[in-house]
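Chemist: This is the structure alone, sequence omitted:
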DNA sequence: ACCGCGAGTGTGACCGGTCACATTCATCCC
DNA sequence: GGGATGAATGTGACCGGTCACACTCGCGGT
């Protein structure tokens, strides 16, 4: 069946050459649209290509050309809204630049597992984009062997443990600060905080922003609750907060957490925003449609992804190395879930 | 700086060989863990590898070995919960099998654009997995050139227009049927349906299942509303349904639509499930935490992704070709948003 | 002393393209 | 008429690995 005797169907450039009665180089010229090929020859080659179903082997091309035009995105999860949006942004920019994108999921934050995964991504060739919002990601960023082109998507540059590499970020600290101030300005005595897992040993940017606002206002500073990533964690934290009648405002590390808190408050019979105000972080697509709709901070995740790619692209192509900078200014979105405290 | 004169830092197998005073073949043996290498030699090579920071070039390896161990997932969106979960499932299975996974986003359903994207994915090498739940995906599946290993993730096999290729699916038709019957069994006179965009010219599997149940029950069959993919579409459809006092049960094509419907009913002052029951499809992670929590159908998306990869893997490795089969039985999850109709 | 054998190592070709350079041949110009 | 010019095409090496095979030992068996 396999006429050419090749691995998998596809004919090579030399098969085409033979069929068209020219040299392989002429075929190469044709498929690259090189000018100096006689019209009649070109047509003959094109016909042969068509007949043999030739398609240029990407692997060989990458090897010959020297560079692979590929980036791999390393992330703890593809399902989480923020992560998925970053990935989408990277893909968008990569596609525009003619790059292909790969994904690697960091299944566990375990040192060894992460290292293996980074290795795999590394020998996939091309550059690396690591989403380092969580422990697994941060560890992955650390595990990237020196000399490999990599860009980290981090919470904040200050908290980045691998200071000598490019990164992109949004100003989460400022956003959390602003949101906390907003809640305080509504008249709340203080604002409680339900945290996402911090990406580093130290505290997170969002936590910092919240703390700063609370301290500046001279308000009491309740210990942040750990909520994990999903609504389940938020729910647990929410039940705890609901028990404390002094709680009137809760800021959550992301919208999923906020959803869990909302639900817990509902179950505990504490109306939102009547008794308690709740705010989230991320502006996930469903947040506007919750009841009550969620006050939150809008982050431009796809923009972040695009910026990450742009940065990496600069490194890979050795063109003007784009300077790392905060990518976007998070925007407060005030909806129904926040309001004045009960009189 | 660049001692070896190579493209990008990394030393080749021959550089290592020179440094260790052996032939390149011996180096190859060492990095492949071949047995017959003298211990002392092995150590010398390993030392050289370490010193030069050698890492094996994936491109060259793929070329030499003949096959690339890569799959590309083509999808209209990475952000949507179901799609993202399928991707995650594919990645999981691919990783376990030593494959790398790429992503291509189909930005528009436009014929030409889709073709371009398929081309790109095709010459990325390896196999293809196309998520064909929507028009863009279906078109992509159609545009895959013959002879390319591809697996489609489709709504239902019957509605698959390219019948000669392997595919995976969940039995959405049955799931919609069951859910509709469930709602009818609660005493609702009929069930209205808010549809996701159908993947084909014809009607979709979910719509079919709904229709069948309604017809079997001899209930009136209201025309399905088109809702799009996101909560916004559901919201619009919901507002329309809210105006009709005879509406007491609404089945939605996915959970996002259901969320929009829920919101619309709330705005219209129609309590759920007091006056209207609402059911979704997918069991997205937030659906359990909505208020009211959402009755829905749980689909095993990651399992679907894993199955898609398994199928493709079988094709690629030419081992026992796994037979296409429905991957999982969707499961009804009854929560607060559904109940008896008002008396 | 000779052969066989297996451990340890090296050589050449190859995967499927690209690149740099060489070649052929018609044309143009002085 | 002869060299310069340039269009059209071919040749060889190369990218960085792998594979198939050949080679060189040292050693044991007969």
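Modeler: Cool, the structure landed. Note that the structure is a prediction, hence the values are computed from the model and not measured.
Chemist: ok, which stretches of the stretch 151-300 of chain A are strands?
Modeler: Along the stretch 151-300 of chain A, the stretches classed as strands by DSSP state E, counting those that start in this stretch are A:167-168, A:192-195, A:225-226, A:249-252, A:277-279, A:296-298.
Chemist: now for these, which one comes closest to DNA strand D?
Modeler: The closest of these to DNA strand D is strand A:167-168. By CB to the nearest atom of the strand, the value is 28.3 Å. Backbone N, C-alpha and C define where each C-beta goes, glycine included.
Chemist: Relative to that closest one, what are the paired strands and their orientations?
Modeler: strand A:150-154 (parallel) (DSSP bridges).
Chemist: who touches the partner strand?
Modeler: With contact meaning CB atoms under 8 Å, 6 or more residues apart in numbering or on different chains, strand A:150-154 is reached by A:86, A:127-133, A:138, A:141, A:144, A:160, A:162, A:165-169, A:199, A:304-305, A:308-309, A:311-312, A:315.
Chemist: Just those: which are in helices?
Modeler: Using DSSP state H, the members of the contacts of strand A:150-154 that fall in helices are A:86, A:138, A:141, A:304-305, A:308-309, A:311-312, A:315.
Chemist: Which among the strands of the stretch 151-300 of chain A is found nearest to residue B:55?
Modeler: strand A:167-168 (23.0 Å; CB to CB).
Chemist: what about the strands of the stretch 151-300 of chain A, which gets the closest to DNA strand C?
Modeler: For DNA strand C, the closest of those is strand A:167-168, at 31.4 Å, according to CB to the nearest atom of the strand.
Chemist: mind checking how far that closest one is from the chain centre?
Modeler: 11 Å (CA atoms, centre = their mean, to the nearest Å).
Chemist: Likewise for stretch A:306-322?
Modeler: 16 Å.
Chemist: and if you look at stretch A:232-240?
Modeler: 26 Å.
Chemist: quick one: contacts of that stretch?
Modeler: A:194, A:225-228, A:250, A:252, A:256-265, A:267-268, B:289.
Chemist: Of those, just the buried ones, PyMOL syntax please.
Modeler: To isolate the buried ones among those in PyMOL, judged by 16 or more other CB atoms under 10 Å in any protein chain shown, type:
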select buried, (chain A and resi 194+225+227+228+250+252+256+257+258+259+260+261+262+263+264+265) or (chain B and resi 289)
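Chemist: per-residue pLDDT, the residue nearest the centre of chain A?
Modeler: Centroid-nearest residue in chain A: residue A:86, 3.2 Å away (criterion: CA atoms, centre = their mean). We have a pLDDT of 97 for residue A:86.
Chemist: Is it in contact with residue A:308, as I believe?
Modeler: Yes - using CB atoms under 8 Å as the test, residue A:86 is close enough to residue A:308 to be in contact (7.2 Å).
Chemist: So which bits of chain A are right by DNA strand D?
Modeler: Within chain A, the positions adjacent to DNA strand D are A:22-26, A:29, A:35-38, A:40-42, A:60, A:63-64, A:66 by CB under 7 Å from any atom of the strand.
Chemist: give me that answer again for 10 Å
Modeler: Counting by CB under 10 Å from any atom of the strand, the positions of chain A adjacent to DNA strand D are A:17, A:20-30, A:34-42, A:44-45, A:59-66, A:123.
Chemist: Please spell out the PyMOL selection for the buried subset of these.
Modeler: In PyMOL, a selection of the buried entries from the residues of chain A next to DNA strand D looks like this (16+ other CB under 10 Å):
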select buried, chain A and resi 17+20+22+26+27+28+29+30+37+41+42+44+45+59+60+62+63+123
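Chemist: Filtering the residues of chain A next to DNA strand D by proximity to chain B, which remain?
Modeler: Counting by CB under 8 Å from any CB of the partner chain, A:59-60, A:62-63, A:66, A:123 from the residues of chain A next to DNA strand D sit close to chain B.
Chemist: Let me see the contact set for whatever residue of the stretch 201-343 of chain A ends up closest to DNA strand D.
Modeler: Distance from DNA strand D to each residue of the stretch 201-343 of chain A (CB to the nearest atom of the strand) is smallest for residue A:316, at 15.6 Å. Residue A:316 makes contact with A:67, A:126-127, A:149, according to CB under 8 Å, 6+ apart.
Chemist: okay, who's weakest in those by pLDDT?
Modeler: Within those, pLDDT is lowest for residue A:67, at 78.
Chemist: which SS class is that residue?
Modeler: Assigned with DSSP: H, G, I helix; E, B strand; the rest coil, residue A:67 falls in the coil class.
Chemist: give me the number of residues near it?
Modeler: Counted with other CB atoms under 10 Å in any protein chain shown, residues neighbouring residue A:67 total 14.
Chemist: Which residue ranges make up the domains of chain A?
Modeler: Segmentation of chain A into domains, based on automatic domain parsing, reads A:13-64, A:68-170+A:300-317, A:172-299.
Chemist: right, so of those domains, which gets closest to residue B:81?
Modeler: domain A:68-170+A:300-317 (6.8 Å).
Chemist: Any regions of the stretch 1-150 of chain A where pLDDT drops low?
Modeler: Judged by pLDDT under 70, the stretch 1-150 of chain A has its weakly predicted residues at A:1-9.
Chemist: now the helices for it?
Modeler: Listed in chain order, the helices of the stretch 1-150 of chain A (DSSP state H, counting those that start in this stretch) span residues A:13-20, A:24-31, A:39-52, A:58-65, A:81-96, A:111-123, A:135-143.
Chemist: Could you export the ones you listed to CSV, including columns for distance to residue A:215?
Modeler: Formatted as CSV, the helices of the stretch 1-150 of chain A follow (distance: least, CB to CB, whole Å):
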stretch, distance to residue A:215
helix A:13-20, 68
helix A:24-31, 65
helix A:39-52, 69
helix A:58-65, 54
helix A:81-96, 27
helix A:111-123, 35
helix A:135-143, 26
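Chemist: Nearest to residue B:300, out of those helices?
Modeler: The nearest among those, by CB to CB, is helix A:81-96 at 18.6 Å.
Chemist: how about the closest one, does it reach chain B?
Modeler: Yes - looking at helix A:81-96 against chain B by CB under 8 Å from any CB, the contacts come from A:81, A:84-85, A:87-88, A:91-92, A:95.
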